[in-house]
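K.L.:
Coordinates only, no sequence provided:
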DNA sequence: AGATACATACCAACGTGCGGTATTAAAAAA
DNA sequence: TTTTTTAATACCGCACGTTGGTATGTATCT
């Protein structure tokens, strides 16, 4: 096969295929051969030209998964018209409405059988999202008086872990009822921290989303 | 090598070695060969006589890790002299004092690089511990009036996930200060659910433990 | 005799490295 | 400006070492 003028497209194609296969069959049960076959004409050398290892592909895949979401987080974090509490509220509202989730929903992945991918997401949540996006917001909230806590780092981590991982209906394959219960408990937890950021509008949208996920399986 | 009169000892030995290696190098970077070498004289046939796959060894390892803890949970769950809230308190007190943790602490494992093992523990927590041990206690608490919630399943899951996974200093390699902060946030969370089960005695013991872990690394 | 507890030899599949080739864009020469 | 050279890039495809797993053999137990 001839050389491609736009290598980024090849790279992107590899990621497309890898993402789909990782979701469908799991990272560990997807071989480089599998990716090559679905790629149509490309060779092993091509893959190892663009990525230095299979694990490197996984990193790129998860990066692309979270990139869009992180952009939104950065935007809200850097707004100047909201106080800390309002920013938190905005984040949960947006993270539910944004299509990042929809993309993933259409694949209907099984994190249930994908420890590596889940772990990757966990890591990203704890090492990137919590300290770089949620923490600054909470710190601002402490300064402007809208949030009270003596342990902002840990609060940031707990909130985003619960919200992003535990509440994600894909991770533990929750039923609609289960998701609803989780959400109510999550809401109560936030209230316990003095964070009353979940309103009925958000709640409704969440129930819609979980329905979509249920139907697509 | 001659045949062993007590095959359970061989089985146990395999698990000992596997456990140590899984902790030190991670499940995926531990090969069957590695285990054989550290086993001293035993062969591949021996391993595959006692376990049907590498994954099967992992399951056995995690089972052994949680067995002791689960026994304690069952004991407290079935006591008749405590109400629900008191049982919850007893559980957190015991889970910190019990030596299961100490065993693990001496190895100073890196869950940080061990997606499979962490996932295994996560699964056990959600599918075994939460529904079979914590949930019955919460349900009892609802009946006897010591606990109030409309979503016992989800509350059980969140509490035990936070307590067993998030608060475990090994999972995300926390510093002493980090552990302290997490614990305080955890305490506040529980209070938010009307569960005032963390007293100063528990808090002190926890700080001791995390110190031990820090020194052993 | 038959089940158990291993040892040995082997296999297919895997991730990865590498020598080679075709294609391109940029620099140099005309 | 056009042509030529150069060096980097995009890709091929096979070979290599390792991996998890199996089939078969053998000694030892009940």
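P.N.:
Now that the structure is in, tell me what you want to look at. Keep in mind that what you see is a predicted model, and the values were worked out from it rather than measured.
K.L.:
Identify, by residue count, the longest helix of chain A.
P.N.:
Across chain A, the longest stretch assigned as helix under DSSP state H is helix A:54-77.
K.L.:
what sits against residue A:35?
P.N.:
Applying C-beta atoms under 8 Å, 6 or more residues apart in numbering or on different chains to residue A:35 gives the contacts A:14, A:17-18, A:21, A:47, A:57. Heads up, the C-betas are built off the backbone N, CA and C, glycines and all.
K.L.:
Which members of these occur in helices, if any?
P.N.:
Judged by DSSP H, the contacts of residue A:35 include A:14, A:17-18, A:21, A:47, A:57 as members of helices.
K.L.:
Do the helix or strand encompassing residue A:205 and chain B come into contact?
P.N.:
Assigned by DSSP states H and E, residue A:205 falls within helix A:200-215. No: counting by C-beta under 8 Å from any C-beta of the partner chain, chain B has no neighbours in helix A:200-215; the shortest distance is 13.6 Å.
K.L.:
what stretches of chain A score poorly on pLDDT?
P.N.:
Scanning chain A for pLDDT under 70 picks out A:1-3, A:5, A:98-110, A:212-217.
K.L.:
Point out the residues in it that sit beside chain B.
P.N.:
A:115-116, A:118-120, A:126, A:149-151, A:153-155, A:157-158, A:161-162, A:166, A:172, A:178, A:181-182, A:184-186, A:188-189, A:191-193.
K.L.:
What is the neighbour count of the residue in chain A positioned nearest to DNA strand D?
P.N.:
In chain A, the residue that lies nearest DNA strand D is residue A:45 (2.1 Å; C-beta to the nearest atom of the strand). By the measure other C-beta atoms under 10 Å in any protein chain shown, the count of residues near residue A:45 is 8.
K.L.:
from the contacts of residue A:35, which would you call buried?
P.N.:
For these, a neighbour count by 16 or more other C-beta atoms under 10 Å in any protein chain shown gives the buried set as A:14, A:17-18, A:21, A:47, A:57.
K.L.:
Show me which pair in these is furthest apart.
P.N.:
A:21 and A:47 (12.6 Å; C-beta to C-beta).
K.L.:
Settle this for me: residue A:84 is touching residue A:148, isn't it.
P.N.:
No: in terms of C-beta atoms under 8 Å, residue A:84 does not count as a neighbour of residue A:148; the distance is 10.4 Å.
K.L.:
So those two - more neighbours on which side?
P.N.:
Ranked by neighbour count (other C-beta under 10 Å), residue A:84 and residue A:148 place residue A:84 first, with 21 against 10.
K.L.:
who's in contact with that one?
P.N.:
Listed by C-beta under 8 Å, 6+ apart, the contact partners of residue A:84 are A:137-144, A:146-147.
K.L.:
Please work out how many residues are found near the closest residue to residue A:43 other than its chain neighbours.
P.N.:
Among residues not flanking residue A:43 along the chain, residue A:36 sits closest, at 6.7 Å (C-beta to C-beta, 6 or more residues apart in numbering or on different chains). Close neighbours of residue A:36, defined as other C-beta under 10 Å, add up to 17.
K.L.:
Work out for me the element residue A:36 sits within.
P.N.:
Assigned by DSSP H and E, residue A:36 falls within helix A:32-39.
K.L.:
Please apply the same query to residue A:146.
P.N.:
Short version, using DSSP H and E: residue A:146 is in no helix or strand.
K.L.:
How is chain A divided into domains?
P.N.:
With domains defined by automatic domain parsing, chain A comprises A:1-51, A:62-215.
K.L.:
Indicate whether the longest one makes contact with DNA strand C.
P.N.:
No: counting by C-beta under 7 Å from any atom of the strand, DNA strand C is not contacted by domain A:62-215; separation bottoms out at 11.4 Å.
K.L.:
shared neighbours, residue A:84 and residue A:148?
P.N.:
Residues touching both residue A:84 and residue A:148 (C-beta under 8 Å, 6+ apart) are residue A:142.
K.L.:
Show me which residues of chain A sit near DNA strand D.
P.N.:
A:1, A:3-4, A:7, A:10, A:41-46, A:48-50.
K.L.:
Please list all residues in contact with the most centrally placed residue in chain A.
P.N.:
With distances taken as C-alpha atoms, centre = their mean, residue A:66 lies nearest the centre of chain A, 5.2 Å away. Listed by C-beta under 8 Å, 6+ apart, the contact partners of residue A:66 are A:121, A:124, A:128-129.
K.L.:
By neighbours, which of those wins?
P.N.:
Neighbour-wise, those (other C-beta under 10 Å) top out at residue A:129, 22 neighbours.
K.L.:
number of nearby residues for residue A:39?
P.N.:
Residue A:39 has 17 nearby residues by other C-beta under 10 Å.
K.L.:
Closest one to residue A:92 out of the contacts of residue A:66, please.
P.N.:
Of these, the one sitting nearest to residue A:92 (C-beta to C-beta) turns out to be residue A:129, at 12.9 Å.
K.L.:
and the residue nearest to the closest one when sequence neighbours are not counted, what is it in contact with?
P.N.:
Nearest-residue entry for residue A:129: residue A:160, 5.5 Å, with adjacent residues in sequence omitted and distances by C-beta to C-beta, 6+ apart. If a contact means C-beta under 8 Å, 6+ apart, then residue A:160 has A:125, A:129-130, A:134 as its contacts.
K.L.:
Could you single out the nearest of these to DNA strand C?
P.N.:
residue A:125 (24.7 Å).
K.L.:
phi, psi of that closest one?
P.N.:
Dihedral pair for residue A:125: phi -60, psi -40, per degrees, to the nearest 10.
K.L.:
I'd say it and residue A:163 touch.
P.N.:
No: if you go by C-beta under 8 Å, residue A:125 and residue A:163 don't touch, sitting 9.2 Å apart.
K.L.:
between those two, which one's more packed in?
P.N.:
Neighbours per residue (other C-beta under 10 Å) separate residue A:125 from residue A:163, with residue A:163 holding more: 22 against 18.
K.L.:
So that one is in contact with residue A:93, correct?
P.N.:
No: in this structure residue A:163 lies outside contact range of residue A:93 using C-beta under 8 Å: 11.7 Å.
K.L.:
Against DNA strand C, how distant is residue A:88?
P.N.:
40 Å (C-beta to the nearest atom of the strand, to the nearest Å).
K.L.:
Report how many residues lie close to the residue lying closest to that residue once chain neighbours are set aside.
P.N.:
Excluding the flanking residues, the one nearest residue A:88 by C-beta to C-beta, 6+ apart is residue A:197, at 5.3 Å. Using other C-beta under 10 Å, residue A:197 is surrounded by 19 other residues.
K.L.:
contacting residues around residue A:7?
P.N.:
Residues counted as contacts of residue A:7 (C-beta under 8 Å, 6+ apart) are residue A:50.
K.L.:
burial of residue A:177, as a residue count?
P.N.:
Residues near residue A:177, counting by other C-beta under 10 Å: 12.
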